[in-house]
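Student: Fold the stuff below for me.
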Amino acid sequence: MDALFRPRSVAVIGASSRQPSIGWQLTHNIVDDGFQGALYPVHPTLEHLHSIKCYRDVRDIPGAVDLAVIALRQDRVRPAVEACIEKGVGGLIIISAGFREIGPKGAAEERELVALCREAGVRVIGPNCMGILNTDPSVSVNATFSRTSPPRGNVAFMSQSGALGEAILNFANRLGLGVSMFASVGNRADVSANDLLEYWGKDPSTDVVLLYLESFGNPRRFPEIASRVARDKAIIAVKAGGTHTGQRAAASHTGSLAGRDVATGALLRKGGVLRARTVSDMFHMARALANQPLPAGDRVVILTNAGGPGILAADALEAEGLSLPELAAEVQERIRPHVRPTASLANPLDLIADATAEHYEKALDEVLGSGAADLVLAIFVPPIVTDSAAVVRAIARAIVRARERGVEVPVLSVLMGEEGIVEGEADLKAARIPVYRFPEEAALAMGAMVSRARWLAQPRESLESLAKAAEALRTPEVDQLLSGQGPGMLDAAVARRLLAAFGVPILEAEQVEDARAAVAMLADGHVVLKAEGPSLIHKTELGAVRVDLRTVAEVREAFDDLKANVADPHPGSRIVAQRHVGGGREVLVGASRDPAFGPMIAFGAGGTDVEAVRDVVFRVAPLTEADAWEMVREIRAYPALMNDRRGKPADVAAAVTVLQAVSNVMLACPEVAAIDLNPVLLLPEGDGGLAVDARVERG
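Tutor: Numbers count the residues shown, from 1 in each chain. You can find the predicted model right below:
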């Protein structure tokens, strides 16, 4: 990878004197950005380019070549690659298009090129890409055909789209967001997001990694790599193609709920990656994470001179899940002598329209020194009667002074307007205080900062070790249970035994051959009768369940009805009896095996309306305990689980146990395609939980 990003010599194969052309722009950028190594333009007829000697063939170059950039017609690429391998080039950037993106023939030629390079130990970026750059002054290589050279900074960026990469470099330049390295990977034939994450994870000049993804090269490895890198560097991703539905329609609730975009979100979250909806959002988040410390909590204090923007900010912050506590009376009393008598000292702290630079500076001093805020949002709308530049400079002074006192509260600013602001804005940027134009942008960034801080606070558990621990749970009994089953739904009794072997608390069921055997179950309390069989997938819709049967007459009637109208019309079905469990709250726990991302674990509100309500969240296995707790707390129904008017809160810890057990089944048993536990009854706190119905599908 150093041959690509830290070359000591670069050959441009396809260099050109014609403007505009990709070959000319590539050579110009390498020269103009001050590359610190040797540059060798390669052209069949030119003698010199940019006052640099040209060579007819890369093999004619007298010195070693670390990196070759190929910008030729598609039919000339392979001979150039073969020449580079013969020369001993360490890395290739293939700008040329006409490979996998055009169809099967191009894809086959691309595979052949990569096979040649891998055999020779050569790393490849592309084909069909824009190139790479590294702003490290000791390297200073811009091997792209972009017309924009971003400033030096601490943000690395990868794009699968060359055209979007060009636009993003322009956008970063306008925002003043400094870049450490950039890579446009195009078809991603060799070097992928996983490779770049590992490389940039070790780069001391990179603090934030931005990813524009259209697909994942190896999604199974991505969470392990990303979670390791994310411990030290923030990772933000935009994933295109979010409206594509899942490739596999499943008979299970879980499979029908887990679309491709849901799977993508779960995969990114597993790796500690912050997901942005748009490229613009990604940059709003990146500016905060690249320049400010992380917050200790989620308490935000808003400082403003206008009520409307303060209200917009409060709404946006609460939508991000952040809190806006009212300032304590003693803090308000310390602020009061320094502001107008008409100022509102709650939160938002409204200094009113004619607030001066001194008002802002003193109020910000007190807020930052009070310990009342984990984050501060300073909003300024320039009025006619105030020296706007002076106010902006005062905000910067107060923040710098707080830093000097050791106060590490992150501060973002919103400057809504242009008049007089530009002169003072430089002071904010010099103090690394991000400037936003609207409150919603800053609120989004603050939400990302808090999310990252929370993720970092979770216990560190190796995903690889969790997967190995799950696989170790597979016993000879499990082998025997699965060996006798073909594709499709497992026999219900086998499914219950399989799940129980992994620690899923599951309600026992006893097959009953006649009404007399069902009646005998009344000795243990109220009875539930069910018809089970390979074609009885959604039992409630088929009328295959009778609950809370209390008398002999009720049991006999239910048995006869189930046998005549459900079991007999569905060959292979039988009737089972379970004890009736009352007083619990119904939740769904499930799993499905995504063909690209692997096992997806689901948790949500359960019952018969699960697909209509769609209060379900997903994660990629393996689940850490923190993952499972996060899933439980994330569903909309969680407050109802914890505030049950009928008595104690539900035993949500039991849900965590079931989630981790199901994750272990999916990891240890690759034969299992899907699991549905609906419902799992969460009993009152301290009493545990029980899966009362289970379906397991074998792939």
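Student: If you count neighbours, what's buried in stretch 15-29?
Tutor: Of the residues in stretch 15-29, those buried under the neighbour-count criterion (16 or more other CB atoms under 10 Å) are 15-17, 22-29. C-beta here means a position set from N, CA and C on the backbone, and glycine is covered the same way.
Student: Contacts made by it with the rest, please.
Tutor: 12, 14, 39, 41-43, 46, 49-50, 52, 54, 69, 71, 95, 131, 142-147, 149 (CB atoms under 8 Å, 6 or more residues apart in numbering).
Student: what two of the buried residues of stretch 15-29 are the furthest from one another?
Tutor: Taking CB to CB as the measure, the buried residues of stretch 15-29 reach their widest spread between Ser17 and Asn29, a distance of 15.0 Å.
Student: Listing request: residues of the stretch 101-250 of the chain with sub-threshold pLDDT.
Tutor: Low-confidence segments of the stretch 101-250 of the chain, defined by pLDDT under 70, span residues 241-250.
Student: cool, the chain as well?
Tutor: Looking along the chain with the criterion set at pLDDT under 70, you get 241-260, 384-385, 418-420, 608-613, 644-647.
Student: Just give me the longest helix of it.
Tutor: Ordering each helix of the chain by length in residues (DSSP state H) puts helix 439-457 first.
Student: which helices and strands sit right next to that helix?
Tutor: Helices and strands touching helix 439-457, as assessed by 3 or more CB pairs under 8 Å, 6 or more residues apart in numbering; DSSP states H and E, comprise strand 274-275, helix 279-291, helix 307-319, strand 375-380, strand 411-415.
Student: thinking again about what came up before, buried subset of the contacts of stretch 15-29?
Tutor: Among the contacts of stretch 15-29, those scoring as buried are 12, 14, 39, 41-43, 49, 54, 69, 71, 95, 131, 142-146, 149 (criterion: 16+ other CB under 10 Å).
Student: which residues of the stretch 101-250 of the chain fall in helices?
Tutor: Counting by DSSP state H, counting those that start in this stretch, the segments of the stretch 101-250 of the chain that form helices are 104-120, 162-175, 193-201, 222-230.
Student: got a list of what the nearest residue to His50 once chain neighbours are set aside touches?
Tutor: Using CB to CB, 6 or more residues apart in numbering and skipping the chain neighbours, the partner closest in space to His50 is Val31 (4.9 Å). When the contact criterion is CB under 8 Å, 6+ apart, the partners of Val31 are 39, 50, 52.
Student: could you say which helix or strand contains Val31?
Tutor: With elements delineated by DSSP states H and E, Val31 resides in helix 22-32, which encompasses its position.
Student: next SSE after that helix?
Tutor: Proceeding C-terminally, helix 22-32 gives way to strand 38-42 as the next helix or strand, assigned by DSSP H and E.
Student: Show me the contact partners of that next one.
Tutor: Residues outside strand 38-42 that contact it (CB under 8 Å, 6+ apart) are 8-15, 27, 30-31, 49-50, 52-58, 61, 63, 65.
Student: rerun at 6 Å
Tutor: Around strand 38-42, the neighbours that count as contacts under CB atoms under 6 Å, 6 or more residues apart in numbering are 9-13, 15, 27, 30, 49, 52, 54-55, 58, 61.
Student: swap in stretch 285-292?
Tutor: Residues from elsewhere that reach stretch 285-292, judged by CB under 6 Å, 6+ apart: 154-155, 177, 207-208, 210, 234, 236, 276, 410, 432, 434, 445, 448-449.
Student: Just to check, Leu641 is in contact with Ala650?
Tutor: Yes: using CB atoms under 6 Å, Leu641 makes contact with Ala650 at a distance of 4.3 Å.
Student: Remind me which helix or strand the residue most central in space within the chain belongs to.
Tutor: The residue at the geometric middle of the chain, judged as the C-alpha nearest the mean C-alpha position with CA atoms, centre = their mean, is Leu268 (2.7 Å). When elements are assigned from DSSP H and E, Leu268 belongs to helix 260-270.
Student: Just want the angle from that helix to helix 222-230.
Tutor: Here the directions of helix 260-270 and helix 222-230 differ by 40 degrees (axes from the mean of the first three to the mean of the last three CA atoms, to 10 degrees).
Student: what about Leu213, neighbour count?
Tutor: 23 (other CB atoms under 10 Å).
Student: Distance check, the residue lying closest to it once chain neighbours are set aside against Leu364.
Tutor: The shortest distance from Leu213 to any non-neighbouring residue, by CB to CB, 6+ apart, is to Lys239 (4.9 Å). Computed with CB to CB, to the nearest Å, the distance linking Lys239 and Leu364 is 38 Å.
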